[in-house]
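Asks: turn this into a model:
(one chain, ligands or ions: 1)
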Amino acid sequence: MIKIIDNLQGIITPRLDSANGDLLIQDSVAIAIENENIKKIGLAEDLHKEFPNAKMIDGKGCWAVPGFVDPHTHPVFYKTREDEFEMRILGKSYEEIAAAGGGIRNSVRVFREVSFDTLAELTYHRILKFLEYGTTTIEAKSGYGLSVEDEIKSLRVLKKVSALLPITIVPTFLGAHEVPDEYQNKRDKYVELIIKEMIPKVAEDNLAEFCDVFCEKNVFTVEESERILTAAKDYGMRPKLHADELHYTGGAELAAKVQAISADHLLMISDEGIAAMKSQGVIPVLLPGTAFYLGKQSYAPARKIIEAGLPVALATDFNPGSSVTQNMQIILTIAAIHMKMTPKEVIAGATLNSARAIAREKTIGSLEAGKKADIILLDIPNYKYLPYHYAINHVKMVFRHGQLVHQVMQ
Ligand SMILES: [Zn+2]
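Replies: Residues are numbered from 1 along each chain as shown. This is a model prediction of the structure:
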């Protein structure tokens with residue numbers, strides 16, 4: 001069964017064979033879809049001749065863009081933390097709130113009380129919001145349980161929601177998100193627990209594709225991170241790393257050393273870290289929504305990283321403390337304004353480059369024949385308009401694996 005999306009303004013897409021940040025912009029083309037995949041992109045009249053029995057879908061004059069790929073999210077939590085938001089407005093820093101028992105450890109305490117079903121219900125509705133804003137794939141991390149049982153609960157919730165929603169969820173084990181309260185005076189034991197119990201159990205139940213660590217001053221050291229990620233690799237989980245976010249620790253260099261798929265945040269990255277990542281093909285994932293939401297003055301050095309030849313990916317970092325949005329579109333605006341990324345670079349960063357950060361660039365992230373038909377239709381006059389007109393939703397239709405899964409009526 002062939003479907004054709006026609007009456008489009010055209011397509012805007014990065015391509016696997018083109019340079020980093022370059023876009024193909026084609027007017028007046030249509031997209032033929034066969035089952036889950038893009039069959040062909042071409043002039044509408046040619047596709048109509050080639051597939052005379054195809055079902056037509058009216059693109060209503062929109063531009064077709066690849067569905068956004070959000071490669072860094074933390075959606076499995078129980079309570080929201082708007083009280084801490086107010087404390088920050090009144091002058092407390094994120095670190096001060098964490099030291100007073102707030103932050104991630106606050107989320108962990110309440111997470112352990114909530115039932116699987118309640119958590120699954122909350123997570124379902126949160127993840128549905130990604131779809132409404134045009135994101136068709138998310139990477140999603142555990143990391144608010146921090147016990148064997150609760151980390152498994154988190155990953156099982158993702159598995160359940162993944163079966164219910166038309167969005168691709170790529171699971172990452174983040175048992176090393178924080179040292180839980182009961183291990184504060186014996187952190188070595190917690191690292192042991194992750195390596196000896198959590199990682200083998202997650203692998204045995206096939207619950208995560210990647211393993212991530214929050215490598216940061218007062219969280220996990222470079223040495224601890226290396227031990228955890230090396231153990232995860234032995235169990236077939238590819239490393240990711242929260243690296244050089246609040247302080248320089250050498251996280252980017254470690255990401256290169258363990259051949260991580262990505263190193264994320266990178267506000268304090270060194271020149272050596274950039275060179276090391278380049279040499280090992282580690283994808284930089286930048287999360288400017290977090291710096292924005294925490295009211296920081298400085299952002300990751302995106303221009304320097306791009307000029308070194310690395311394909312910069314963008315993500316929301318959706319989580320209840322430091323970045324509370326599922327909207328990739330506003331991240332593009334923040335990346336443009338605060339990191340001086342061009343409209344072309346931010347679109348590539350939220351599609352093909354972010355697919356690279358989860359090893360999906362061969363199947364999603366661009367509009368090309370043979371790839372999954374994960375396509376969003378945007379009501380914008382041209383590509384520069386997407387980050388320009390900000391904090392509203394430009395999405396009119398969302399196709400995931402060839403199926404229309406969300407539509408705005410008007
Ligand atoms: Zn994160």
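
Asks: least confident secondary structure element in the protein?
Replies: The least trusted helix or strand in the chain, going by mean pLDDT, DSSP states H and E, turns out to be helix 94-99, with a mean of 82.

Asks: for the helix or strand following that one, packing partners?
Replies: Proceeding N to C from helix 94-99, the next assigned helix or strand is helix 104-111, under DSSP states H and E. If you count contacts as 3 or more Cβ pairs under 8 Å, 6 or more residues apart in numbering; DSSP states H and E, helix 104-111 packs onto helix 148-164. Where C-beta positions appear, they are placed from N, C-alpha and C, glycine not excepted.

Asks: next, the buried residues of the helix it packs on.
Replies: Residues 148, 150-158, 160-162 are the ones in helix 148-164 that count as buried (16 or more other Cβ atoms under 10 Å).

Asks: now those in CSV, with distance to Leu246?
Replies: CSV is the format used below for the buried residues of helix 148-164 (distance: Cβ to Cβ, whole Å):
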residue, distance to Leu246
Val148, 28
Asp150, 25
Glu151, 24
Ile152, 29
Lys153, 28
Ser154, 24
Leu155, 26
Arg156, 31
Val157, 28
Leu158, 27
Lys160, 33
Val161, 30
Ser162, 31
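
Asks: before we move on, the earlier item: which helices and strands does the least confident helix or strand of the chain pack with?
Replies: Helix 94-99 sits against helix 82-89, with contacts defined as 3+ Cβ pairs under 8 Å, 6+ apart.

Asks: let me know the average pLDDT across the helix it packs on.
Replies: Averaged across helix 82-89, pLDDT comes to 92.

Asks: any idea how far that helix is from the chain center?
Replies: Put simply, helix 82-89 sits 25 Å off its chain's centre (Cα atoms, centre = their mean, to the nearest Å).

Asks: got the angle for it vs helix 104-111?
Replies: 170 degrees (axes from the mean of the first three to the mean of the last three Cα atoms, to 10 degrees).

Asks: contacts for helix 82-89 next, please.
Replies: Contacts to helix 82-89, defined as Cβ atoms under 8 Å, 6 or more residues apart in numbering, come from residues 94, 97, 102-103, 106, 294-295, 321, 324.

Asks: mind listing the helices for the stretch 151-300 of the chain?
Replies: Using DSSP state H, counting those that start in this stretch, the helices found in the stretch 151-300 of the chain span residues 187-193, 199-204, 222-234, 251-257, 271-280, 288-293.

Asks: out of these, which is closest to Gln26?
Replies: Taking Cβ to Cβ, helix 288-293 is the member of the helices of the stretch 151-300 of the chain nearest to Gln26, at 29.1 Å.

Asks: what's the helix or strand just after that closest one packed up against?
Replies: Per DSSP H and E, the first helix or strand lying C-terminal to helix 288-293 is helix 302-307. Applying 3+ Cβ pairs under 8 Å, 6+ apart, one finds that helix 302-307 contacts strand 283-286, helix 328-339.

Asks: show me the contact partners of helix 302-307.
Replies: Contacts of helix 302-307 (Cβ under 8 Å, 6+ apart): 20-21, 266, 269, 274, 284, 286, 312, 335, 339-341, 345.

Asks: okay, buried residues for it please.
Replies: For helix 302-307, the buried set under the neighbour-count rule, 16+ other Cβ under 10 Å, comprises 302, 305-306.

Asks: so what's the gap between that helix and the chain middle?
Replies: Worked out by Cα atoms, centre = their mean, helix 302-307 lies 20 Å from the chain centre.

Asks: what of stretch 256-272?
Replies: The answer for stretch 256-272 is 16 Å, by Cα atoms, centre = their mean.

Asks: show the average pLDDT along it.
Replies: The pLDDT scores in stretch 256-272 average 98.

Asks: what's the answer for stretch 63-73, then?
Replies: The pLDDT scores in stretch 63-73 average 98.

Asks: ends of that stretch, how far apart?
Replies: End-to-end span of stretch 63-73 (Cα to Cα, to the nearest Å): 27 Å.

Asks: residues contacting Gln329?
Replies: Shown in contact with Gln329 (Cβ under 8 Å, 6+ apart): 68, 133-134, 386-387, 390-395.

Asks: can you pull the pLDDT of the nearest residue to Asn393 once chain neighbours are set aside?
Replies: Leaving aside its chain neighbours, Asn393 sits nearest to Tyr133 (5.8 Å; criterion: Cβ to Cβ, 6 or more residues apart in numbering). Per-residue confidence (pLDDT) for Tyr133: 98.

Asks: pretty sure Tyr133 sits against Ile331.
Replies: No. Judged on Cβ atoms under 8 Å, Tyr133 makes no contact with Ile331 at a distance of 10.1 Å.

Asks: so between those two, which is more surrounded?
Replies: Ile331 (28 against 21; other Cβ atoms under 10 Å).

Asks: who does Glu34 form a beta bridge with?
Replies: Counting by DSSP bridges, Glu34 forms beta bridges with Ile2, Asn37.

Asks: quick check: the gap between it and Cys62.
Replies: Going from Glu34 to Cys62 by Cβ to Cβ, to the nearest Å gives 21 Å.

Asks: report the buried members of the contacts of helix 82-89.
Replies: The buried subset of these - by 16+ other Cβ under 10 Å - is 94, 97, 102-103, 106, 321, 324.

Asks: can I get the residues you listed in JSON lines including distance to Ile138?
Replies: Formatted as JSON lines, those follow (distance: Cβ to Cβ, whole Å):
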{"residue": "Tyr94", "distance to Ile138": "23"}
{"residue": "Ile97", "distance to Ile138": "26"}
{"residue": "Gly102", "distance to Ile138": "26"}
{"residue": "Gly103", "distance to Ile138": "23"}
{"residue": "Asn106", "distance to Ile138": "24"}
{"residue": "Gly321", "distance to Ile138": "18"}
{"residue": "Val324", "distance to Ile138": "15"}
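
Asks: which of the residues you listed lies closest to Lys79?
Replies: Asn106 (8.2 Å).

Asks: which ones are touching the closest one?
Replies: Neighbours of Asn106 in contact, by Cβ under 8 Å, 6+ apart: 81, 84.

Asks: local confidence estimate at it?
Replies: If you check Asn106, the pLDDT there is 86.
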